[in-house]
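Colleague: Based on what follows, work out the 3D shape:
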Amino acid sequence: MKKYFVFRHDQRVQPTHPQHPPQSPEATACEITRVALSEYLPMGFYTACEADSPKATFEGLKTPAICTVELDDARVDLWHNEVMPIVEGMSSLSDAIDQARNMVSDSLDDLMSAAENCEAFADHDFGENVDVDSGFSYIEAPSLGDFCQRVCELFDVKYLAYAEQD
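Modeller: Next up, the predicted model:
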């Protein structure tokens, strides 16, 4: 099992360092960190290095690591073959809920606009009994907090107290 330090670079500056090869342990450590921290910065803002490597020392001089992640080949495979499909499914469900909410809200706006343009119904409030937000308050994506906690447990993600939080 190898320990990786994960570094997050300044969000105000466009990332200039090369990204890790896809599905490499370093790229996987960065992906796990993004999910565990519920961050959605582009991958180019993250760098991961083996904890005992000279590169980790060099990166640590520039910015403190935000966490450590422990990986071996089995955990890398677990992430890509089993956990990432769950991450993608949760994202897809959340997007679908947002799209549905927006579609209902837009349809209600269209209805109310049409009614305002019709003298016979200009005084009728078609939206009186329609509360889009409360209608969707019962339809939420699965608990992200519980999922992130489980990811931290599975991959031994340890937050580093001295890391700068933006």
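Colleague: Go through the longest strand belonging to the chain and flag the buried ones.
Modeller: Secondary structure of the chain per DSSP state E: the longest strand is strand 2-8. Neighbour-count burial for strand 2-8, counted by 16 or more other CB atoms under 10 Å, picks out 4, 5, 6, 7, 8. No exception for glycine: its C-beta is placed from N, CA and C like everyone else's.
Colleague: what about the most far-flung residue of the chain relative to its centre, distance to residue 132?
Modeller: Distance from the C-alpha centroid of the chain peaks at residue 120, with 48.4 Å (CA atoms, centre = their mean). Relative to residue 132, residue 120 is positioned 25 Å away (CB to CB, to the nearest Å).
Colleague: Can you tell me what sits against the longest strand of the chain?
Modeller: Contacts with strand 2-8, where a contact means CB atoms under 8 Å, 6 or more residues apart in numbering, come from 25-26, 29-30, 33, 39, 41, 45-52, 56, 59-60, 62-72, 166.
Colleague: can you check stretch 39-53 too?
Modeller: With contacts defined as CB under 8 Å, 6+ apart, stretch 39-53 is touched by 2-9, 11, 15, 17, 19-20, 25-27, 29-31, 33-34, 55-56, 59, 68-69.
Colleague: and that stretch, C-alpha only, in CSV?
Modeller: The C-alpha trace of stretch 39-53 is given here as CSV (Å, rounded to 0.1, in the frame of the first residue of the first chain):
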residue,chain,number,x,y,z
GLU,A,39,-14.9,19.7,-4.8
TYR,A,40,-15.4,20.0,-8.5
LEU,A,41,-12.4,21.9,-9.7
PRO,A,42,-10.8,20.6,-12.9
MET,A,43,-8.3,17.9,-12.3
GLY,A,44,-5.5,20.2,-13.4
PHE,A,45,-5.7,21.9,-10.0
TYR,A,46,-4.6,18.8,-8.2
THR,A,47,-1.3,16.9,-8.0
ALA,A,48,-0.5,13.7,-6.2
CYS,A,49,2.9,12.3,-5.3
GLU,A,50,4.1,9.3,-3.4
ALA,A,51,4.6,10.5,0.1
ASP,A,52,8.3,9.5,0.3
SER,A,53,9.3,10.9,-3.1
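Colleague: No further queries at this time; thank you.
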